[in-house]
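*Asks:* Quick one, what's the 3D model for this:
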Amino acid sequence: MMAEEQVHIGHVLRASTNGFDFGTRGNEIDERHSFGSFVLVEIARGDAECFAVGLIYAIRIADDPFVRELVMATEVKETTLQDQRKNRLIPVETLVLNVGYVYADGRIVHSMPPRPPLSLTQVHLMPPDWVHAFVQTQDFFRLVLNAGEVPSDDLLAAAIRYAANFFDDPNERYDFLVACGRQIARLLTNDLKRLSHILNLIKPVV
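*Replies:* Residues are numbered from 1 along each chain as shown. Model (predicted):
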């Protein structure tokens, strides 16, 4: 992964082969930490360098006794709010579902990574060209749809919309969304309610 492509967005707190959680300061949260974004993290060293690919599916902002006091106050000064948000170390946890892994030489596997990342490993936003390459096939859809304890339908739709943004040509973007819809239809043939919901969320705008 080239240095100029690295967009650091946090550090791993806990991890398994199913996914991982990473932490970020509250004042550093922005559009890079969006629901459905693709992220990368280097997994524990093996025979070859590789990165776990994950989708952000939840963001949790922790509180503390001081925040609770502010919430219960009848009036809070704007300067106090800004100090709390910008200067205090409000912890934010972002939860990620693993959907594949990528070797440093570009090989892509749509399956659970062989090992989890180590604690405190840097988490990066997945570069646009890596996202574009990763979604050329939709084999990871099944992992998302079958994942427990995540909003799988909305997560898959958000990931598809996120990836579609990296298709510069409108025709290619349209073809990508149509191909995704067809793959989802194959996977959810026996669940028309879920199928209809996801298709409505990713419906191309003509």
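*Asks:* Enumerate the beta-bridge partners assigned to the residue lying closest to F22 once chain neighbours are set aside.
*Replies:* With C-beta to C-beta, 6 or more residues apart in numbering as the criterion, F22 has its nearest non-adjacent residue at 3.9 Å, and that residue is G10. Every C-beta, even on glycine, is put in place using the N, C-alpha and C of the backbone. For G10, the beta-bridge assignment (DSSP bridges) gives partners V123.
*Asks:* residue contacts, G10?
*Replies:* Each residue near G10 by C-beta atoms under 8 Å, 6 or more residues apart in numbering is listed here: 22-24, 33, 94, 122-123.
*Asks:* mind redoing it with 10 Å?
*Replies:* 21-25, 28-29, 32-33, 39, 41, 92-94, 96, 121-125 (C-beta atoms under 10 Å, 6 or more residues apart in numbering).
*Asks:* low pLDDT regions in this protein?
*Replies:* Segments of the chain classed as low confidence (criterion: pLDDT under 70) are 1-5, 26-28, 46-47, 63-90, 206.
*Asks:* Next, the distance between the ends of stretch 7-21.
*Replies:* Distances were taken as C-alpha to C-alpha, to the nearest Å; on that basis the terminal residues of stretch 7-21 are 17 Å apart.
*Asks:* And that stretch, what's buried?
*Replies:* Residues 9-10, 12-13, 15, 18-21 are the ones in stretch 7-21 that count as buried (16 or more other C-beta atoms under 10 Å).
*Asks:* Neighbours of Q138, how many?
*Replies:* Q138 has 20 neighbouring residues, counting by other C-beta atoms under 10 Å.
*Asks:* swap in S119?
*Replies:* For S119, the neighbour count with other C-beta under 10 Å is 12.
*Asks:* oh, and call the first residue 27 from now on, that's how I've got it
*Replies:* Right, with 27 as the first residue, what we last looked at is S145.
*Asks:* Of the buried residues of stretch 33-47, which belong to strands?
*Replies:* Using DSSP state E, the subset of the buried residues of stretch 33-47 located in strands is 35-36, 38-39, 41, 45-47.
*Asks:* E175: which of the residues you listed is nearest?
*Replies:* G45 (9.9 Å; C-beta to C-beta).
*Asks:* What is the longest helix seen in the chain packed up against?
*Replies:* With secondary structure taken from DSSP state H, the chain has its longest helix at helix 196-213. Using 3 or more C-beta pairs under 10 Å, 6 or more residues apart in numbering; DSSP states H and E as the contact criterion, the secondary-structure elements in contact with helix 196-213 are helix 167-171, helix 178-190, helix 218-228.
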